[in-house]
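>>> the following comprises the amino acid sequence and a computationally predicted model.
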Amino acid sequence: MKILVVSDSHGRHDLLRKAIGQEAPIDMLIHAGDVEGNLDKILGPKREYEIHAVAGNMDWGDSMPPSDLFEISGHKVFLTHGHGYGVSYTLANLRQAAEERGADVAIYGHTHMPAMDEQNDILLLNPGSVAKPRQAGLKKTYAVIMVDNQTGRMTVRFKSLRGIGWS
């Protein structure tokens with residue numbers, strides 16, 4: 001199973017679609033918030049992948065939930081934008097929220113910087129931003145999770161948009 005994880009596209013629907021195109025075919029798209037638009041309208045009705053998306057601090061009045069909890073091949077995933085958990089300062093609140101929900105993966109955004117950490121057997125993953133990166137080098141990033149459907153083993157790679165800044 002191939003999962004594309006993005007966050008903080010901030011209305012740059014062209015860049016979101018570019019990331020999807022770079023990784024196609026995908027089985028699932030996870031968006032950790034700050035879409036600034038309706039994903040159904042942005043991506044159109046003809047898609048062959050599942051979508052999980054949450055509202056970020058810039059997604060006012062949208063119908064997306066503030067968080068989501070779902071399973072991927074035996075892994076329980078907690079998805080949130082992260083601003084409500086203070087992820088710009090600490091990951092402790094996010095980790096605790098994931099633990100309280102029985103999740104072993106927590107996906108978040110908000111900081112615009114790619115990050116991956118494991119705390120108390122919980123994988124904390126931020127794909128960075130496909131539109132407005134803040135890390136050194138300002139690479140527009142996303143993450144790809146590959147899941148072995150038989151073992152459930154997850155591998156994560158950070159990638160950047162080709163032809164945009166660096167590849």
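All right, it came through fine. Numbering: from 1, shown residues only.

>>> and the helix or strand of the chain with the lowest mean pLDDT, what's buried?
The helix or strand of the chain with the poorest confidence is helix 39-43; it has a mean of 90 (mean pLDDT, DSSP states H and E). Residues 39, 42-43 are the ones in helix 39-43 that count as buried (16 or more other C-beta atoms under 10 Å). All C-beta spots, glycine's among them, are computed from the backbone N, C-alpha and C.

>>> doesn't Glu48 lie inside a helix?
No - applying DSSP: H, G, I helix; E, B strand; the rest coil, one finds Glu48 to be coil, outside a helix.

>>> and the residue nearest to it when sequence neighbours are not counted, what does it touch?
Sequence neighbours aside, Pro25 is the residue nearest to Glu48 in space, at 7.2 Å (criterion: C-beta to C-beta, 6 or more residues apart in numbering). Contacts for Pro25 (C-beta atoms under 8 Å, 6 or more residues apart in numbering) come out as 2, 48-49.

>>> about what we covered before: check which element follows the least confident helix or strand of the chain along the chain.
strand 50-53 (DSSP states H and E).

>>> what helices and strands are in contact with that next one?
strand 28-31, helix 39-43, strand 67-72 (3 or more C-beta pairs under 8 Å, 6 or more residues apart in numbering; DSSP states H and E).

>>> apply 6 Å and report the result again.
Under the contact criterion of 3 or more C-beta pairs under 6 Å, 6 or more residues apart in numbering; DSSP states H and E, strand 50-53 touches strand 28-31.

>>> what does the strand it packs on contact?
With contacts defined as C-beta atoms under 6 Å, 6 or more residues apart in numbering, strand 28-31 is touched by 3-6, 49-53, 107.

>>> how about stretch 95-111?
Stretch 95-111 has contacts (C-beta under 6 Å, 6+ apart) with 7-8, 30, 32-33, 69, 75-83, 87-88, 94, 119, 122-126.

>>> show me where this protein has strands.
Secondary structure of the chain (DSSP state E): strands at 2-6, 28-31, 50-53, 67-72, 75-80, 105-107, 114-119, 122-127, 141-147, 154-160.

>>> give the buried residues for the third one.
Buried residues in strand 50-53, defined by neighbour count with 16+ other C-beta under 10 Å: 52-53.

>>> go through this structure and flag its longest helix.
Assignment by DSSP state H gives helix 13-23 as the longest helix of the chain.

>>> picking up where we left off before, just the contacts of Pro25 now: which is nearest His13?
Proximity of the contacts of Pro25 to His13 (C-beta to C-beta) peaks at Tyr49, which lies at 16.6 Å.
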